[in-house]
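# the sequence and its predicted three-dimensional model are supplied below.
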Amino acid sequence: MTHQSDILIIGSGAAGLTAALNLADQFRVTVLAKGGLNEGSTAWAQGGIAAVLEPGDTFESHIEDTMVAGAGLNDRATVEFVVEGAPHAIARLTALGVPFSMEGNAPHLTREGGHSHRRIVHVDDATGWAVQEALTRAADIHPNITLVPDMVAIDLATGKHEARYSGSGHVWGVYAVNRRTGRVELFAARATMLATGGAGRTYLFSTAPRGATGDGIAMAWRAGARVSNMEMMQFHPTCLYNLDVKNFLITEAVRGEGGHLLLPETGYRFMPDFDARAELAPRDVVARAIDHEIKRLGLDYVHLDISHRDPDFVRAHFPNIYEKLMGLGIDMTKEPIPVVPAQHYTCGGVVIDLDGRTDLPGLYAAGEVSESGLHGANRLASNSLLECFVFGEAVARHITAHWDDMPPPPPLNPWDESRVTDSDEEVVIKQNWTEIRRFMWNYVGIVRTTKRLERAQHRIRMLQDEVGDYYGHFRVTPDLIELRNLLQTAELIVRSALARHESRGLHYTLDYPELLAQAHDTVLIP
């Protein structure tokens, strides 16, 4: 089955829906969601959106904070472009009905690690959910936007899929499997945008949603696009430690509003020993400090304590976290919260320019799937949603301005299932999935060594043959697609980490602890 539209967007989060809403007044837009429309990373974002709105704050200050957090690996032009677009993004979201927390007639601003001012606009502690709801509501009622849930993208349709083969590398859409029918469908368009999110599920412990398996990064790589800085995987310092509840994030704003990190046995506040900014240091610094104390003392977790603040203040600022913890028997107004670091954000990705263009004609990208130069070696808190809005609009502007230069898709070959059968060995997928996530956590985590990275690389090479053989013989399923993409993403992360002979930002290796004099991107070319 083939579907035609003007523009195809793969991903229904902040970046994808922002682009769709900016394009739909002129074009027919199809938006594919991997699962439900609100199951991506956007809805999981607790913190907020960074914007210069506080009296005395400046764009230059936000730019410098971003550059410092990114350890100089950021592209300054990109940082300026995104930071200066923040107030407009907040105004547009307000117009869409996002109910930002207010203080008088202005948005309430909180502060997070790495920021020199209060500049985090938020909706209590559930900003992402509120933003997702507003964007989805607006897209759902727009007559030119078709929202298609439960479509798992397999591979981009390129010149090699044309009925008359060409080596152009032009992207014409995507092949995707329908979760409901199990059949592969082709979605063709003049322009295609990746807004598929990151690759957090490459790791055993992650705050990312179940579907964050690096699909867009892997598809773009296989199609011939460059990826950059994949070694820069951000670990959030404070994920709830609970054996029954996985991946529940304790927002950075808890530390921004005065929360302290303490050793469980003694109650000792250890962050001042590691950084003068203490709990407000950038995430890589805080995550390494917690990791150091856990390993040094043989702990399962450390404590995050905000019980010294007024209980009404805590409940008002963190209602969702408070309610969740109370259900687990933890009263954060009276006792500390057990926390551990967990993978949180993919700072690297598909290389794009300021228009969101990738290397491949017809293919754009925005959000966590991309590497725009904004985050550098470490993402500054609450810059991620902001990037989605600014680059979502940038993609829409470029497509609109160059529409007449974009050719319609040629006839494309349907998906070929003539040489495959249904699998009778699904256990292989589960086993390999678990193995990848475990060795990535153990060998390619917060602190790395060359030997650990080489061990991971060796295991990846063995699994590539096994997964490749499996993929060639059996009909695709969502689990098989995700396994294939997880493995490809893991290979890119490890290859990038082995190529960086320094410790910068999120990439910390015991074999190269020093910082090189000049910052260079790790760019991989297919």
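That came through, no problem. Residues are numbered from 1 along each chain as shown.
# list the contacts for residue 322?
When contacts are counted by C-beta atoms under 8 Å, 6 or more residues apart in numbering, residue 322 touches 314, 315, 332, 333. All C-beta atoms are positioned from the backbone trio N, CA, C, and that covers glycine.
# in the stretch 51-200 of the chain, which spans are helices?
Secondary structure of the stretch 51-200 of the chain (DSSP state H, counting those that start in this stretch): helices at 59-69, 76-84, 86-95, 127-140.
# quick one: which of these is nearest residue 508?
helix 59-69 (14.7 Å; C-beta to C-beta).
# can you list the residues that contact that closest one?
Counting by C-beta under 8 Å, 6+ apart, residues outside helix 59-69 touching it are 50, 52, 74, 76, 79-80, 83-84, 86, 114-117, 119, 282-283, 374-376, 378-380, 383, 505.
# list the buried residues for it?
61, 62, 63, 65, 66, 67, 68, 69 (16 or more other C-beta atoms under 10 Å).
# pull out the buried residues from the lengthiest helix in the chain.
If you go by DSSP state H, the chain has its longest helix at helix 450-473. Across helix 450-473, burial judged by 16+ other C-beta under 10 Å covers 452, 453, 455, 456, 457, 459, 460, 463, 467, 470.
# now do the strands in the stretch 151-300 of the chain.
Counting by DSSP state E, counting those that start in this stretch, the stretch 151-300 of the chain has strands at residues 151-157, 173-178, 184-194, 227-228, 233-240, 260-262.
# once you drop chain neighbours, what's closest to residue 41?
residue 197 (4.7 Å; C-beta to C-beta, 6 or more residues apart in numbering).
# excluding its backbone neighbours, what's nearest the residue in the chain sticking out farthest from the centre?
In the chain, the greatest distance from the average C-alpha position (C-alpha atoms, centre = their mean) is reached by residue 164, at 36.4 Å. Once flanking residues are discounted, residue 164 sits nearest to residue 410: 7.1 Å by C-beta to C-beta, 6+ apart.
# quick one: that neighbour from residue 461, how far?
37 Å (C-beta to C-beta, to the nearest Å).
# now swap in residue 127 and tell me
Taken as C-beta to C-beta, the span from residue 127 to residue 461 is 41 Å.
# circling back: what's the farthest-apart pair in the contacts of residue 322?
Greatest spatial distance in those: 315 and 332, 8.8 Å, computed using C-beta to C-beta.
# these two - which one has more neighbours?
residue 332 (24 against 15; other C-beta atoms under 10 Å).
# dihedrals phi and psi, that one?
Main-chain dihedrals, residue 332, degrees, to the nearest 10: phi -70, psi -10.
# just the element for the nearest residue to it once chain neighbours are set aside, please.
In space, and not counting its chain neighbours, residue 332 is closest to residue 325: 5.3 Å by C-beta to C-beta, 6+ apart. Under the criterion of DSSP states H and E, residue 325 resides in helix 319-327.
# buried residues in that helix?
Neighbour-count burial for helix 319-327, counted by 16+ other C-beta under 10 Å, picks out 321, 322, 324, 325.
# pull the most distant pair out of those residues.
Taking C-beta to C-beta, no two of the buried residues of helix 319-327 sit farther apart than 322 and 324, at 7.4 Å.
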